[in-house]
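Sharing a model prediction with you, sequence too.
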Amino acid sequence: MGVLRSMYKKNDPIAMMTAHDFPSAHVADAAGMDMILVGDSLAMVALGMQDTNEVTVDDMLLHCKSVARATKAAFTISPEQALATAIRFVKEGRVQGIKLEGGKEMAPTIKKIVEAGIPVLAHVGLTPQRQNALGGFRVQGKTSKGAMRVLEDALAVQEAGCFAMVIEAVPAEIASVITQRLSVPTIGIGAGNGCSGQVLVQVDMSGYFPPGRTIPKFVKQYGNVWRESLQAIESYREEVKSRQYPAPEHTYPIAQEELDAFIR
Ligand code: KIV
């Protein structure tokens, strides 16, 4: 966490990425991510669920453990809302901190978890776990009143002791002003370039999702891993069907006399 604090002080942008299993964590760590979030967005992008409310603590713990086995450098974070479960995530899931969605109303919980010695990454603006209460995946802070609410939330979670906060789906100018008014880093997602860092959902930015999934406007898709994977698997299928695979170089040798003795 000291590293993140010193990056923030030097105005060095913090790069954060989600991961949900060993390979996705390994690649994010190898690419030099500063923080890896075992986000509960894995409910949709890795488990095919409708929303994040469907995923259980036990599901999340399994994913945290596999991510923790892969991460060497990055600071790993998982979502949680209650102190008892936050402790389980740190002890069993081997994450270094937890992320908690919500503003003012979550400040007492954040305080309690921080006082127990667990670093908390807060999450304000659009909070996907409360999408129903917020009227769906809607941009937050688009009016002066709405923007004031996001600022008040940000100040409340800062006061409660979070070490940083995600700001999601807020106009860039508002996120930038909020960032300047705070003394902890902001990690933007759909919140413009004035935040202290950025986070994206790995399957969205790498294009590892089947055709037809709509990704949010703020996502820049840097690759098409699904297409690469499809091409590789189709080639494998064709080579199996045409008996091109496995070729001799993919087999184990046996000495001729051993073979002859076996066949005889
Ligand atoms: O759960 C998640 O992946 C998140 C990111 C969208 C920040 O909260």
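Right, received. Where do you want to start?

And the protein, split by domain according to the record?
Following automatic domain parsing, the chain resolves into domains at 2-223, 227-263.

Report the buried residues of the shortest one.
Meaning domain 227-263. By neighbour count on 16 or more other CB atoms under 10 Å, the buried set for domain 227-263 is empty. (Each C-beta comes from the backbone N, C-alpha and C, glycine too.)

pLDDT averaged over it - what is it?
Domain 227-263 comes out with an average pLDDT of 97.

thought Glu239 was touching Tyr245?
Yes: using CB atoms under 8 Å, Glu239 is in contact with Tyr245, at 3.6 Å.

re earlier: among the domains of the chain, which is nearest the ligand?
Nearest to the ligand, of all those, is domain 2-223, at 2.1 Å by CB to the nearest ligand atom.

In contact with Ser176, which residues?
When contacts are counted by CB atoms under 8 Å, 6 or more residues apart in numbering, Ser176 touches Gly192, Asn193, Gly194, Cys195.

quick one, strands of the stretch 1-150 of the chain?
Ranges of strands in the stretch 1-150 of the chain, per DSSP state E, counting those that start in this stretch, are 14-18, 35-37, 75-79, 97-101, 120-125.

Pipe those into a markdown table and attach mean pLDDT and distance to the ligand per row.
Output for these, formatted as a markdown table (pLDDT from 0 to 100; distance: least, CB to the nearest ligand atom, whole Å):
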| stretch | mean pLDDT | distance to the ligand |
| --- | --- | --- |
| strand 14-18 | 97 | 4 |
| strand 35-37 | 96 | 6 |
| strand 75-79 | 87 | 6 |
| strand 97-101 | 95 | 6 |
| strand 120-125 | 97 | 6 |
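
List the contacts of stretch 149-164.
Applying CB under 8 Å, 6+ apart, the contact partners of stretch 149-164 are 1, 4-5, 8, 14, 97, 100, 102-104, 106-108, 110-111, 114-115, 119-122, 124-125, 140-141, 165, 167, 170, 174, 177-178, 181-187, 196-197.

So for it, what gets flagged as buried?
By neighbour count with 16+ other CB under 10 Å, stretch 149-164 contains the buried residues 149-151, 153-158, 160-164.

Next: stretch 78-94.
Residues Ser78, Pro79, Glu80, Gln81, Thr85, Ala86, Ile87, Arg88, Phe89, Val90, Gly93, Arg94 are the ones in stretch 78-94 that count as buried (16+ other CB under 10 Å).

Keep only those of the residues you listed that are in helices.
Residues of those located in helices (DSSP state H): Thr85, Ala86, Ile87, Arg88, Phe89, Val90.

which residues touch the first one?
Yep, that's Thr85 we're talking about. Counting by CB under 8 Å, 6+ apart, Thr85 touches Val57.
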